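Chemist: I would like the atomic coordinates for the input below:
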Amino acid sequence: MRIKRKLDGNVLTKRGSPIWSDGSVNAILRNTHPNGTYTYYEKEIDCPRIVDQETWDKVQSKLANKKRMQRGRQIKIYDYPLREIMFCDHCGTQMGGRSHSLKSGLKRTRYLCVHHNKKYKESSVQGDWKRNKYCENNSSLESGPTEDTIWTTLLEVLRLSHQEREIFKKSLLKQKKISDKSRKKEIDIAKGQIAKTNETICLLEERIVEKQIEKISSREKAKSIQSFIDQLQAKIDEESSRLIVLENDLSNLENSNLWIDWVNDYECNIDKLTNLPRDKRIEEVKKYIKRIDVTFNKETRNHRLELHFRLPLIGDSLKWKDKQKNKGYSISKGNTEKVVYLERGEHVTRETQGLDKESQIVL
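Modeler: Below you'll find the predicted structure:
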């Protein structure tokens, strides 16, 4: 619905949500006040008309005859698949990519800050400005090893996370109680919810881009626009967390006949992820990680990647409520950040002493 799309991310509902439901929009369109009447205790009362009769009749006719149309999800293909979630921690810009052909005929691809060799300036409201010749993050990251490192880190986080195990367990046990017929129905419902949630996330991301452009052109309103952007981002985080649960439920629904022992199955599921093709790995990374901040240390010539997870999975813990383990257990949330270091050299991993979220991977 075009009206809904114009309202979403631009106007808050009465409850303060940036997303309008179809029902709310339809209710406004069916409201008789703009047509000059309203009903109070079964009595029709006149009020000022703000639309002509022809327009009113056309809208009501379309509402009566409208058919639901399912809009397909648009899939974007990127040469640098993690670029959209990677940002330079020095200048705040989205990371770019660079590629060139080697003498062997192979193509070398690297992630690189787009301001590493560009002159740019920052202006204030007063009109003064200062020039920065280069962003100090002027060293590139090999795309293949970088993506592999992030993938390995994600697998290790998922393997150790008690929250992911609990989600897997509950979803699995729930699906075992569902018959094949009802399971198919649940799969259709889950796919519909996933598609709708993905559409909502894409729409909110578009609105954020629009608001950021508006913020640049309207400096006097920058503070209020940024507040609105923060609300949109909070909604994206909420929908992203919901999307992970929905996709886990769908995966277990589609494979419910394959699971027997949920503990072993969880480990097997993690092991199977290691054999995913690269494009599927990227999908999983974006499913769990919403942002990667890249920092370059010009003295040591290494990169620091701070992975921002959508859920607090880093270092979460399971605690039994009693020593006999009869009263069950509770799971405490962990951190949402994981730091990885990239250097040139042989591949090793090492946990930083005292910090679960810190690890070093040398390439």
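
Chemist: quick check: bridge partners of the spatially most distant residue from the centre of the chain?
Modeler: With distances taken from the mean C-alpha point of the chain and given as Cα atoms, centre = their mean, the most distant residue is residue 43, at 49.6 Å. For residue 43, the beta-bridge partners under DSSP bridges are residue 40.

Chemist: quick check: residue 212 vs residue 83, distance?
Modeler: 17 Å (Cβ to Cβ, to the nearest Å). (C-beta placed from N, C-alpha, C; glycine too.)

Chemist: so between these two, which is more surrounded?
Modeler: Neighbours of residue 212 and residue 83, each counted by other Cβ atoms under 10 Å, are more numerous for residue 83; the result is 18 against 12.

Chemist: quick one: that one from residue 150, how far?
Modeler: Residue 83 sits 13 Å away from residue 150 when distances are taken as Cβ to Cβ.

Chemist: and residue 162, by the same measure?
Modeler: Residue 162 sits 22 Å away from residue 150 when distances are taken as Cβ to Cβ.

Chemist: who has more neighbours, these two?
Modeler: Each of residue 162 and residue 150 has its neighbours counted (other Cβ under 10 Å); residue 150 has more, 24 against 19.

Chemist: next one: that one from residue 265, what distance?
Modeler: For residue 150, the distance to residue 265 equals 25 Å [Cβ to Cβ].

Chemist: in the stretch 151-300 of the chain, where is pLDDT below threshold?
Modeler: 172-181, 256-264 (pLDDT under 70).

Chemist: which parts of it are helices?
Modeler: 162-176, 180-217, 222-254, 262-273, 278-288 (DSSP state H, counting those that start in this stretch).

Chemist: quick one, which of those is nearest to residue 114?
Modeler: Minimum separation from residue 114 across those (Cβ to Cβ) falls at helix 180-217, 16.0 Å.

Chemist: returning to that earlier point: mind putting the helices of the stretch 151-300 of the chain into a markdown table with distance to residue 318?
Modeler: What follows is those, written out as a markdown table (distance: least, Cβ to Cβ, whole Å):
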| stretch | distance to residue 318 |
| --- | --- |
| helix 162-176 | 5 |
| helix 180-217 | 27 |
| helix 222-254 | 18 |
| helix 262-273 | 13 |
| helix 278-288 | 20 |
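
Chemist: ok, which of those helices comes nearest residue 113?
Modeler: Comparison of those against residue 113 by Cβ to Cβ identifies helix 180-217 as nearest, at 18.7 Å.

Chemist: taking helix 222-254 as reference, get the angle to that closest one.
Modeler: Relative orientation of helix 180-217 versus helix 222-254 (axes from the mean of the first three to the mean of the last three Cα atoms, to 10 degrees): 160 degrees.

Chemist: quick one: buried residues of helix 180-217?
Modeler: Residues of helix 180-217 classed as buried under the neighbour-count rule (16 or more other Cβ atoms under 10 Å) are 183, 186-187, 190, 193-194, 197-198, 200-201, 203-204, 207-208, 211, 215.

Chemist: do stretch 44-62 as well
Modeler: Result for stretch 44-62 [16+ other Cβ under 10 Å]: buried residues residue 56.

Chemist: before we move on, which element is residue 38 in?
Modeler: For residue 38, the host element (DSSP states H and E) is strand 37-40.

Chemist: alright, that wraps it up for me.
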